[in-house]
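1. no sequence on this one, just coordinates:
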């Protein structure tokens, strides 16, 4: 009987010995690939990038489930009342947050701080004056297509809930893109209540002294005529008649 060629190691573990055989080549390659893969895994999931990880996946699953509950909401209209209402309902606001993070962070940043798109966390707005116009911008786009229209890609309820989520970003004042546009009233203030018509503005405008207040057009023209009469040569300025005319003999 031939002797075995494998070398038996001398050490023993609980009475068990093992042969000194190398690991298979495929096993070593698999280990090397796992080590290399772990580097990319670490960078991708733990490198500080937003929206990567188990928590984001969970939120995505929750949002998908909530979309199934849209039947409970019906078809939401993008009105001021609806947007303000869902700003205070976290379970529905989560849907808007997921839609935002899935479609908007490339332009507006993960937290709304702005990148190539405007900063959504300050008090300045370019295309929005009242809160319901956020939904209009989402649905129809803005800036000649720089902000794309999403009405054909999002459910109407998603547009409303995303508008509510974006409205909650206001006031955080995160550092990012510089302010653009103009300061607008708070969301709970309707600017239309403070607007005045052109007629009202004209009535409230102060009258200047240069407008000739209290003087009628006739008075001013009369004054001009009087001034002209004073400057026009009159009879008093005419030369006197020669005195010899009074002593001239009568033809009779």
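-> Thanks, I have it. Given the structure is predicted, the values throughout are model-derived calculations rather than measurements.

2. now stretch 80-89: mean pLDDT?
-> For stretch 80-89, mean pLDDT rounds to 95.

3. what about it, distance to the chain center?
-> Averaged C-alpha coordinates place stretch 80-89 at 18 Å from its chain's average position (Cα atoms, centre = their mean, to the nearest Å).

4. contact partners of that stretch?
-> Stretch 80-89 is touched from outside by 76, 92-93, 96, 130-132, 134-135, 160-161, 163-165, 167-168, 187-188, 190, with contacts defined as Cβ atoms under 8 Å, 6 or more residues apart in numbering. To be clear about C-beta, it is placed using only N, CA and C from the backbone, and glycine gets the same treatment.

5. again, only using 10 Å
-> 73, 76-77, 79, 92-93, 95-96, 130-135, 157, 159-168, 187-188, 190 (Cβ atoms under 10 Å, 6 or more residues apart in numbering).

6. Return the set of buried residues in that stretch.
-> Judged by neighbour count (16 or more other Cβ atoms under 10 Å), stretch 80-89 contains these buried residues: 82, 83, 86, 87.

7. State the number of residues packed around the nearest residue to the last one once chain neighbours are set aside.
-> Yep, that's residue 87 we're talking about. What sits nearest to residue 87 in space, not counting adjacent residues and going by Cβ to Cβ, 6 or more residues apart in numbering, is residue 164, at 4.7 Å. Neighbour count for residue 164, taken as other Cβ atoms under 10 Å: 26.

8. wait, what's in contact with residue 164?
-> 76, 82-89, 92-93, 95-97, 131, 134-135.

9. host element of it?
-> Residue 164 is part of helix 156-169, with elements assigned from DSSP states H and E.

10. Quick check: next helix or strand after that helix?
-> Immediately after helix 156-169, counting by DSSP H and E, sits strand 182-183.

11. Check the offset of that following strand from the chain's centre.
-> 11 Å.

12. Show me what it is packed against.
-> Contacts defined by 3 or more Cβ pairs under 10 Å, 6 or more residues apart in numbering; DSSP states H and E place strand 182-183 against strand 124-125.

13. so what does the strand it packs on touch, helix or strand wise?
-> Taking 3+ Cβ pairs under 10 Å, 6+ apart as the contact cut, strand 124-125 packs with helix 132-140, strand 182-183.

14. most neighbours per residue, which of those?
-> When the helices and strands packed on strand 124-125 are scored by mean count of other Cβ atoms under 10 Å, the highest mean neighbour count falls to helix 132-140 (a mean of 21).

15. Just the mean pLDDT for that helix, thanks.
-> Rounded mean pLDDT across helix 132-140 is 96.
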